[in-house]
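[1] Model the following, please.
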Amino acid sequence: MSVVLKFSAEEEAKAIPILLRHSPGTILPDRTYIVEESVVRALRDAQIAFREMTPQSNASLLEEATTGERI
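    Here you go, the predicted structure:
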């Protein structure tokens, strides 16, 4: 299952090696990533802080996408 995560600038810098190691994933604007649950576990094990987006907040990301845009 995919999970949408949002990082602060500092935490994103710490998370990049883990995100790259566990790809594939999707990068969205504003330090937002769509990743698999295994990545979430790896980030938690590394004690990297992030905000897990709720389904309601995911809807706003989808509303901003244009037709045919890959998200």
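[2] Can you give me the buried ones in stretch 46-54?
    I48, F50, M53 (16 or more other CB atoms under 10 Å). For glycine as for every other residue, the C-beta is placed from the backbone atoms N, C-alpha and C.
[3] Quickly find the element holding the residue nearest to the last one when sequence neighbours are not counted.
    Going back to what we said before, that points to M53. Leaving aside its sequence neighbours, M53 sits nearest to V4 (CB to CB, 6 or more residues apart in numbering; 3.9 Å). For V4, the host element (DSSP states H and E) is strand 2-6.
[4] Check which residues of that strand are buried.
    Using 16+ other CB under 10 Å as the test for burial, strand 2-6 gives V3, V4, L5, K6.
[5] same check, this time on stretch 24-34
    Those would be L28, R31, T32, Y33, I34, for stretch 24-34 by 16+ other CB under 10 Å.
[6] now stretch 10-25
    Buried residues in stretch 10-25 (16+ other CB under 10 Å): E11, E12, K14, A15, L19, H22.
[7] which residues touch it?
    With CB atoms under 8 Å, 6 or more residues apart in numbering as the test, stretch 10-25 has contacts from 7, 31, 33-36, 38-39, 42-43, 46, 48-50.
[8] Looking at these, point me to the pair that's furthest apart.
    R31 and S38 (20.1 Å; CB to CB).
[9] And the pLDDT for the residue nearest to F7 when sequence neighbours are not counted?
    Excluding the flanking residues, the one nearest F7 by CB to CB, 6+ apart is R31, at 4.6 Å. R31 is assigned 94 on the pLDDT scale.
[10] now do L5
    Taking L5 on its own, its pLDDT is 94.
[11] Same check on V39?
    93.
[12] Begin at 16, not 1, for the rest of this chat.
    Fine by me, first position is 16 from now on; the one you just mentioned is V54.
[13] quick one, what contacts it?
    Taking CB under 8 Å, 6+ apart, we find V54 in contact with V18, I33, L34, H37, G40.
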